[in-house]
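J.: Turn this into a model:
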Amino acid sequence: MLKFLKRIKVVFAAVVLLSIFSSYVFIDETEKQKVVLVAVLQNMLQYHYSAPEINDDFSSKVFVSHLKDLDYNKRFFNQADYAFLKKFDKNLDDELESQQFNYFEAANSLFNKKIEIVNSFYKNILDNPFDFTVDEIVELDAEKRAFAANDTALEELWRKYLKYQVLINIVGKLEIQEKAQETKDTTVKIKSFVVLEAEARAKVAKTHEEMFKRLSKVTKTDRFSEYINAIIHVFDPHSDFFPPKDKENFDIQLSGRLEGIGATLQEKEGYIKVMAIMPGSPSAKQGELKAEDLILKVGQGNEEPVDVVDMRLDNAVKLIRGKKGTWVKLTVKKPSGIIKVISILRDVVVMEESYAKSILVNDSKNSQKIGYINLPSFYVDFNNRGGRSCSEDIKKELLKLKAENVEGIVLDLRNNGGGSLQDVVTMGGFFIDEGPIVQVKSKEHEPYVLKDDYKGVVYDGPLVILINQFSASASEILAAAMQDYKRAVIIGSNTSFGKGTVQRIFELDLPSMYKELNPIGSAKITTQKFYRINGGSTQLKGVVPDVIVPDIYKYLDLGEKEMDYAMPWDQIAPAVYDEWVLKNGADLAKIKAKSAARVEKNEVFKMINASAEHLKHKQDNTVQTLSLVKYREELSNSKKEDDKFKDIDKEIADWDFKILKADETTVVDSTKIERNKSFIKTLKKDIYLHEAMGVIKDIRK
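T.: Residues are numbered from 1 along each chain as shown. Modelled structure (predicted):
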């Protein structure tokens, strides 16, 4: 590794020297690519927490990573194309060392050629009506398919794929017509199947025409950036290269944050995937867009939607973003396989809704008064001295709840993707007297311990922390620390997300004396790892809850462990700390046993578990019929099955919610009143919070 890094540095110095004579010597595209490659590799090898050996194994992984990025759905390359590119499989490490781009040039050239070939035949396929009485199938999961045997087989794959797209469109129109006939809605014009089929083909043709236009505008520089990222992602999935772009696009890629609807997106395996919904955002208020949804199309108002499958994230973001007060229509595919159009009115995200908030829960069944705190993220305002921070806000909520004489507190970290590390440490100190909260290790350095040095406790009563598969990073640190101290009981389904790494941004642009070679871009590099105070990493394994409860994602493959080339779990020496043991000596084994008994008897949890199994079955069943009759029959059965679980969201009767006395004077205007009503309405259906109340009662006993 060191020899490789030294050689990279030598080559980097040689390439940079070219810029001294740049007034006289033209720096061509290949030389610029060398500068970018060497700048990225030098920083990755020098600063990455655990840079892999650059060898044949690394080469093979880069090949797989790049091929997935280039043609994940296997709709362009055939087996001969794959065999041709596979010849480079073990050579990429040698090319990196010598700054050669034989593989990249070959792959880019071949992909452009295949785009032209597919573009030449997909229109012919859509020129003729499809026969939906034929009993044939299509495999939708590319990982279960081999590359097409040849271009003839590739054309057949496209025929089935396009037929499936037309089928979906027709069924949607048929359902609208049938509903109109049932309700005697004369505003809907009834059309024959022949007309609907022709219109559906025309619509699919237009969608793909736009897609091929976008593909034609992808530059070689864009593709080279994708190749660089394929290399970086073999180091780990959270490191990235950001090519030089305008500031807006850079920020979008860096944060994944969508202004306008309030969703965090990720480009994954050819799809735009919803990772999280920002609390208080237009998406959250509308309520139908959820994490794990795949966005297939984006429409503006009443305009024809644009297909965003295989589209770059920044380009998809441009379509989704927009001015306040305008509508965006998202065609999404749910984890269940249901395809749905969701209309969202763009707006400014209401930041107040992303702050910590609390409420009183009066549990009549168990005769107890509990405080509930929701923390959507570990926020902090770095740009404003004296600005809001989650730790200060949580402290205020704890003091307000103590003033209400609550008998226990539930801290909700579900869907909390993390944030400020220092605030986690400060917040952890509110629940223990003093001691370590987390260990942080950098490359080739001894781990250092971040401690709560303040002697004293803000709240020392019974504490339950709610997590789920989308609780990540800082959420996992706090939950893990409280679990290790035995200070709180952690409730959740399966494990948390499992992101136990820290990233840092490195600017790659060269000094001004070499400005002719700039701009190069930036790299986000994983430089540190988190470790629990018991010595185990939160990376990959996440936090395993003390009390396990089912949820609808129970059987789906989620989290860090499902990412390619995720960094491994490991452990270091534990920090020195004294267990809290729930202060009053509560028996965790008995608490877990009582909770398990309640969950097993609870009808809602039974439905959730059955729904999770149903969802897993539908996700695994990726073979789709292309028969109209069979497709509609399967869709009808799927909807009937979904209807069995409609009572999952029913309100729970034996509790009520009340605003804290300290907040009564602040919730006065109509907007805040409505937000508070919406907040309470959601909580009344929250079976997980209800179980947390039972656990608090068990702790108190």
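
J.: My reading is that residue 209 lies in a helix. Confirm?
T.: Yes. Assigned with DSSP: H, G, I helix; E, B strand; the rest coil, residue 209 falls within a helix.

J.: Which strands or helices does the longest helix belonging to the chain pack on?
T.: Ranked by residue count under DSSP state H, the longest helix found in the chain is helix 151-183. Packed against helix 151-183, as judged by 3 or more C-beta pairs under 8 Å, 6 or more residues apart in numbering; DSSP states H and E, are the following elements: helix 102-126, strand 137-139, helix 193-217, helix 628-643. (Glycine included, C-beta is placed from N, CA and C.)

J.: phi, psi of the residue nearest the centre of the chain?
T.: In the chain, the centroid-proximal residue (C-alpha atoms, centre = their mean) is residue 275; its distance is 2.8 Å. Main-chain dihedrals, residue 275, degrees, to the nearest 10: phi -90, psi -40.

J.: Please name the residues that touch it.
T.: 256, 263, 264, 265, 266, 291, 417, 470 (C-beta atoms under 8 Å, 6 or more residues apart in numbering).

J.: Neighbour count added to the residues you listed, as TSV?
T.: Listed next are the contacts of residue 275 as TSV, based on neighbours: other C-beta atoms under 10 Å:
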residue	neighbour count
256	16
263	26
264	18
265	22
266	13
291	19
417	21
470	21
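
J.: In strands only, show me those residues.
T.: Filtering the contacts of residue 275 for membership in strands, criterion DSSP state E, returns 263, 264, 265, 266.

J.: So which of those residues is the closest to residue 673?
T.: Set against residue 673, the nearest of these by C-beta to C-beta is residue 263 (25.9 Å).

J.: beta partners for that closest one?
T.: Beta-bridge partners recorded for residue 263 (DSSP bridges): residue 277.

J.: any idea how far it is from residue 282?
T.: Using C-beta to C-beta, to the nearest Å, residue 263 is found at 9 Å from residue 282.

J.: and residue 673, how many neighbours?
T.: As a burial measure, residue 673 scores 12 neighbours (other C-beta atoms under 10 Å).

J.: quick one: buried residues of the helix or strand hosting it?
T.: According to DSSP states H and E, residue 673 maps onto helix 670-683. Across helix 670-683, burial judged by 16 or more other C-beta atoms under 10 Å covers 675, 676, 679, 683.

J.: Going C-terminal from that helix, what's the next secondary structure element?
T.: helix 687-700.

J.: Identify all contacting residues around that next one.
T.: Contact partners of helix 687-700, identified using C-beta under 8 Å, 6+ apart, comprise 361, 363, 366, 368, 370, 372, 407-408, 410, 412, 414, 462, 464, 466, 489, 491, 547, 549, 551, 582, 584, 586, 590-591, 594-595, 598-599, 602, 604-605, 608, 648, 652, 655, 683.

J.: same thing but at 7 Å, please
T.: With contact meaning C-beta atoms under 7 Å, 6 or more residues apart in numbering, helix 687-700 is reached by 361, 363, 366, 368, 370, 372, 407-408, 410, 462, 464, 466, 489, 491, 547, 549, 582, 586, 591, 594-595, 598-599, 604-605, 652, 683.

J.: and it, average pLDDT?
T.: Averaging pLDDT along helix 687-700 gives 94.

J.: From the chain's centroid, how far away is it?
T.: Centroid separation for helix 687-700 versus its chain: 29 Å, with C-alpha atoms, centre = their mean, to the nearest Å.

J.: Measure how that helix sits relative to helix 670-683, angle-wise.
T.: Relative orientation of helix 687-700 versus helix 670-683 (axes from the mean of the first three to the mean of the last three C-alpha atoms, to 10 degrees): 70 degrees.

J.: buried stuff in helix 687-700?
T.: Neighbour-count burial for helix 687-700, with 16+ other C-beta under 10 Å as criterion, is recorded at 687-699.

J.: Which SSE is immediately downstream of the biggest strand by length in the chain?
T.: Taking DSSP E as the criterion, the chain has its longest strand at strand 522-531. Moving toward the C-terminus from strand 522-531, the next helix or strand (DSSP H and E) is strand 547-548.

J.: related to what we said a few turns ago, kindly export the helix holding residue 673 (C-alpha atoms) in PDB.
T.: Output in PDB follows, covering the C-alpha atoms of helix 670-683 (Å, rounded to 0.1, in the frame of the first residue of the first chain):
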ATOM      1  CA  SER A 670     -54.100  28.300  14.100                       C
ATOM      2  CA  THR A 671     -51.100  26.800  12.300                       C
ATOM      3  CA  LYS A 672     -49.500  25.500  15.500                       C
ATOM      4  CA  ILE A 673     -52.800  24.200  16.800                       C
ATOM      5  CA  GLU A 674     -53.300  22.200  13.600                       C
ATOM      6  CA  ARG A 675     -49.700  20.900  13.700                       C
ATOM      7  CA  ASN A 676     -50.300  19.800  17.300                       C
ATOM      8  CA  LYS A 677     -53.500  18.100  16.400                       C
ATOM      9  CA  SER A 678     -51.800  16.200  13.600                       C
ATOM     10  CA  PHE A 679     -49.000  15.200  16.000                       C
ATOM     11  CA  ILE A 680     -51.400  13.800  18.500                       C
ATOM     12  CA  LYS A 681     -53.500  12.100  15.800                       C
ATOM     13  CA  THR A 682     -50.400  10.100  14.700                       C
ATOM     14  CA  LEU A 683     -49.400   9.200  18.200                       C
END
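
J.: Since that was my last question, I'll sign off now.
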